[in-house]
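Asker: please work out how this folds:
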Amino acid sequence: MTPGAEQASINAEPIPATAGIGLRGPYHSEIINRRPPIAWLEAHSENYFAEDGIARGALERIRPNYPLSLHGVGLSIGSTDPLDEEHLHRLRALVDCIEPALVSEHLSWGAVGGRHLNDLLPLPYTEEALEHMVRRIQEVQDTLKRPILIENISSYLEFVDSAIPEHEFLVAVSRQSGCGLLLDINNIYVNAVNHGFDPLIYLDAIPPERVAEMHLAGHTARRCGEREILIDTHNTPVSEPVWELFRHAVERFGPRPTLIEWYSDYPALERLLSEAETAQRILDEVHELAA
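Answerer: Next comes the predicted model:
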């Protein structure tokens, strides 16, 4: 946050450094009725903006039973359009109501000329974009009265004007704005394959103290002309290379709250819980070896 900004009093139970799952509509009833043993949940902020909506009512019933984080996909912090004040204030109202332990957004843009593109698009990694992103994050943090986390995104093209490696840009944004980092391990792997960099060098360049959360998800391979690219589809199990990269991340950063994401073609809740159990085993194994 900018100097002098007031930080909210957060009464929420902290997110434990364990594995959780994404809260999606198809799972609301089962989670309310069964109260399965999930360490924590993460909800997409925009799905719960309607104060009188069915989804908001479900979230308010679920909230007392689980630590919760909010993850936004529509604020378009990196856009050159003015921040959407209505969106931002609806987010503030949700944060005040739910009191999540963590609030996160993306290092991306998705709106131009007042039109929303319904996607998370990459920024050019330049000094100008860095300064712009820092100012915008500070504006969001000042409105919410709390620091946020910023997540790295997957991408399928790069700007010719980019002059800063992605990981250096991400760290600079975090340090200069005061935000924390949400590292999406699948996105790092997807980008490493698509753009030809070493994901271990990426991870090893991130200061552990900046990392507050990690995400895991599945991806899909697609043909693109003469080559194969990876698409961050979030509708398949976590791949073995991503599990291996996650293990390296835990060795580097220590245990962090780790989320299993699955956004379409929803499996049974037990499948998600099984993925979370795999993540938890890795967290536990690395912790035991480090002890």
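Asker: look up phi and psi at Trp262.
Answerer: Dihedral pair for Trp262: phi -150, psi 110, per degrees, to the nearest 10.
Asker: go on, Asp119?
Answerer: phi -150, psi 160.
Asker: swap in Ile137?
Answerer: Here Ile137 shows phi and psi, under degrees, to the nearest 10, equal to phi -60, psi -40.
Asker: what number of residues are in the vicinity of Pro36?
Answerer: Around Pro36 there are 14 other residues, counting by other Cβ atoms under 10 Å. Where you see a C-beta, it was placed from the backbone N, CA and C, and this is true even at glycine.
Asker: same thing with Asp81?
Answerer: Other residues close to Asp81 by other Cβ under 10 Å number 14.
Asker: how about the nearest residue to it once chain neighbours are set aside, secondary structure?
Answerer: Nearest in space to Asp81, with sequence neighbours left out and distances taken as Cβ to Cβ, 6 or more residues apart in numbering, is Ala111 at 5.2 Å. Per DSSP: H, G, I helix; E, B strand; the rest coil, the local secondary structure of Ala111 is strand.
Asker: any idea how far Ala111 lies from Glu131?
Answerer: Ala111 is 19 Å from Glu131, where distance means Cβ to Cβ, to the nearest Å.
Asker: kindly report the same for Ala43.
Answerer: With Cβ to Cβ as the criterion, Ala43 and Glu131 are 31 Å apart.
Asker: between those two, who's got more neighbours?
Answerer: When Ala43 and Glu131 are compared for neighbours, Ala43 comes out ahead with 22 against 13, by other Cβ under 10 Å.
Asker: and the pLDDT at the more buried one?
Answerer: On pLDDT, Ala43 comes in at 98.
Asker: where does the stretch 1-150 of the chain have low pLDDT?
Answerer: Confidence mapping of the stretch 1-150 of the chain against pLDDT under 70 gives the ranges 1-12.
Asker: show me which positions of stretch 55-75 end up buried.
Answerer: 55-56, 58-59, 62-63, 66-75 (16 or more other Cβ atoms under 10 Å).
Asker: starting at the chain centroid, how far to it?
Answerer: Computed by Cα atoms, centre = their mean, to the nearest Å, the chain-centroid distance of stretch 55-75 equals 14 Å.
Asker: export it as PDB, just CAs?
Answerer: Provided in PDB are the C-alpha atoms of stretch 55-75 (Å, rounded to 0.1, in the frame of the first residue of the first chain):
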ATOM      1  CA  ALA A  55     -24.000 -17.700  -4.800                       C
ATOM      2  CA  ARG A  56     -23.500 -15.000  -2.100                       C
ATOM      3  CA  GLY A  57     -25.900 -16.700   0.200                       C
ATOM      4  CA  ALA A  58     -24.000 -20.000  -0.200                       C
ATOM      5  CA  LEU A  59     -20.700 -18.300   0.400                       C
ATOM      6  CA  GLU A  60     -22.000 -16.700   3.600                       C
ATOM      7  CA  ARG A  61     -23.100 -20.100   4.800                       C
ATOM      8  CA  ILE A  62     -19.700 -21.700   4.000                       C
ATOM      9  CA  ARG A  63     -17.600 -18.900   5.300                       C
ATOM     10  CA  PRO A  64     -17.800 -19.700   9.100                       C
ATOM     11  CA  ASN A  65     -16.600 -23.200   8.500                       C
ATOM     12  CA  TYR A  66     -13.400 -22.700   6.400                       C
ATOM     13  CA  PRO A  67     -10.600 -20.200   6.100                       C
ATOM     14  CA  LEU A  68     -11.200 -18.300   2.800                       C
ATOM     15  CA  SER A  69      -9.400 -16.300   0.200                       C
ATOM     16  CA  LEU A  70     -10.800 -14.200  -2.600                       C
ATOM     17  CA  HIS A  71      -9.300 -14.400  -6.100                       C
ATOM     18  CA  GLY A  72     -10.300 -11.800  -8.700                       C
ATOM     19  CA  VAL A  73     -10.300 -12.200 -12.500                       C
ATOM     20  CA  GLY A  74     -12.100  -9.100 -13.800                       C
ATOM     21  CA  LEU A  75     -10.400  -6.000 -12.300                       C
END
